[in-house]
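Trainee: Provided below for reference: sequence and predicted model.
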Amino acid sequence: MKALVTGGGGFLGQAIVRCLLRRGSSVSSFSRNEHPELRVLGVEQHRGDLADTAAVASAVQGSDVVFHVAGKPGLWGEYAEYHRVNVIGTHNVIAACRRHGVNRLVYTGSPSAVFDGRDMEGVNESVPYPARFEAHYPRTKALAEQAVRAANDAQLATVCLRPHLIWGPGDNHLLPRMVARAKAGQLRRIGSRPNLIDTIYVDNAADAHMLAADRLSPGAVIAGKVYFISQGEPVPMWEMVNRLLHAAGAPQVTRTVPAWLALALAWGFETRHRLANDPSEPRLTRFLVRELSTAHWFDISAARRDLGYSPAISVDEGLERLGAAAQSSQPR
């Protein structure tokens, strides 16, 4: 099998690449930049922008399956840029699959696409998209996901996975930001509720993508559907944050800010950034406050049933691996 992974140099992308290589697949990656780690693995690298139709089509050509993992993350920036990468880029991937006869597309979505700012406790895939979004990332991920689902037909089988809060060794996004803020004394618990959340260890997320690809074909049970994937063991938000920080050798979060005050501060930070035309992400945003002060865990019974998904690595084992990786990376 020849597989293309968009964003193959990213955190989840590399985990998917390694899974494919262990299976003996021929793997290529499409990213904006060259990644030395992929070069070492012998992965063919295509460089380009997702909004570049020709570049995407060239990368997709000759593939049997495409894993569309790449996207623009973050909670701040111009809507046009999020739309260009996440929406237009996804349409380009779909068009390239059709042009070159690729009949399987596995899309990496996000539960934030259906987050409306309120508690999500044990919800399943029937939960609707919200009427409004407080950040460009979830809005554009929702639009992209809807495009992928609509593209499913007799020639192109598509499936969308929604991993939630991916973590593990090699994380270059979520954990480093938390650690930096914890070490700077800028991390606070928001609210005092014991809100439960779902997370997913990176290798479990990659395994779910393999299972989806194996079961995907035009007319298959999973074709055109979306699936939440997680550890399947919800934990209190701040307990999980502190366990991750402990594994990374960072200070624990001990101080608390009321949710109403955090929202007011976030509004102030956002307003100041807009007035100053500051492109950097504010220290706090309203979307982030709602994410950190609400419950969000999901019913993954559909993924267990249709994909055969079962998280092989528990939270405890994942944290042990994360701690060992953190210790090995310390200067001696």
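Mentor: Yep, that arrived. Please read these numbers as outputs of a predicted model, since none were measured by experiment.

Trainee: from here on, contacts and neighbour counts on C-alpha atoms
Mentor: Noted.

Trainee: in the chain, which ranges drop under the pLDDT threshold?
Mentor: 329-332 (pLDDT under 70).

Trainee: roughly how far is stretch 169-180 from the heart of the chain?
Mentor: In terms of CA atoms, centre = their mean, to the nearest Å, the centre of stretch 169-180 is set 13 Å apart from its chain centre.

Trainee: so where do the strands sit in the stretch 51-200 of the chain?
Mentor: Assigned by DSSP state E, counting those that start in this stretch, the strands in the stretch 51-200 of the chain fall at 65-68, 104-108, 120-123, 157-163, 166-167, 189-190, 196-197, 200-201.

Trainee: okay if I get these as CSV plus mean neighbour count and distance to Gly89?
Mentor: CSV is the format used below for the strands of the stretch 51-200 of the chain (neighbours: other CA atoms under 10 Å; distance: least, CA to CA, whole Å):
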stretch, mean neighbour count, distance to Gly89
strand 65-68, 24, 10
strand 104-108, 25, 12
strand 120-123, 16, 29
strand 157-163, 25, 16
strand 166-167, 22, 22
strand 189-190, 22, 35
strand 196-197, 24, 30
strand 200-201, 25, 25
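
Trainee: With distance to Tyr227 added, can I get these in CSV?
Mentor: Compiled in CSV, these are given as follows (distance: least, CA to CA, whole Å):
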stretch, distance to Tyr227
strand 65-68, 15
strand 104-108, 10
strand 120-123, 11
strand 157-163, 5
strand 166-167, 15
strand 189-190, 29
strand 196-197, 17
strand 200-201, 13
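
Trainee: Do a quick rundown of the helices in the stretch 151-300 of the chain.
Mentor: For the stretch 151-300 of the chain, applying DSSP state H, counting those that start in this stretch gives helices covering 174-183, 202-215, 237-247, 259-275, 286-293.

Trainee: Tell me which of those helices sits nearest to Ala303.
Mentor: Each of the helices of the stretch 151-300 of the chain was checked against Ala303 via CA to CA, and the shortest separation belongs to helix 202-215, namely 8.5 Å.

Trainee: could you give the angle of the closest one to strand 104-108?
Mentor: For the pair helix 202-215 and strand 104-108, the angle between their directions (axes from the mean of the first three to the mean of the last three CA atoms, to 10 degrees) equals 150 degrees.

Trainee: quick one, helix 202-215 and strand 157-163 angle?
Mentor: Between the axes of helix 202-215 and strand 157-163, defined by the same axes, to 10 degrees, the angle is 160 degrees.

Trainee: these two touch, right, Ser280 and Glu78?
Mentor: No: judged on CA atoms under 8 Å, Ser280 makes no contact with Glu78 at a distance of 10.8 Å.

Trainee: thinking again about what came up before, what about the strands of the stretch 51-200 of the chain, which gets the closest to Pro234?
Mentor: Comparison of the strands of the stretch 51-200 of the chain against Pro234 by CA to CA identifies strand 196-197 as nearest, at 5.2 Å.

Trainee: Would you mind pulling the contact partners of that closest one?
Mentor: 234-237, 294-297 (CA atoms under 8 Å, 6 or more residues apart in numbering).

Trainee: unless I'm mixing things up, Trp297 is touching Asn124, no?
Mentor: No: assessed by CA under 8 Å, Trp297 is found out of contact with Asn124, at 9.4 Å.

Trainee: Between the two, which is the more surrounded one?
Mentor: The neighbour comparison of Trp297 against Asn124 (other CA atoms under 10 Å) goes to Trp297, with 26 against 17.

Trainee: Show the contacting residues for the more buried one.
Mentor: Counted by CA under 8 Å, 6+ apart, Trp297 has contacts 120-123, 196-198, 234.

Trainee: same thing with Val226?
Mentor: By CA under 8 Å, 6+ apart, the contact set of Val226 is 125, 149, 159-162.

Trainee: quick check, nearest of these to Gly8?
Mentor: Each of the contacts of Val226 was checked against Gly8 using CA to CA; the closest is Leu161, at 16.5 Å.

Trainee: so who does the closest one touch?
Mentor: Leu161 sits next to 106-110, 209, 226-229 when contact means CA under 8 Å, 6+ apart.

Trainee: gap between the two ends of stretch 54-69?
Mentor: This stretch, stretch 54-69, spans 19 Å end to end (CA to CA, to the nearest Å).
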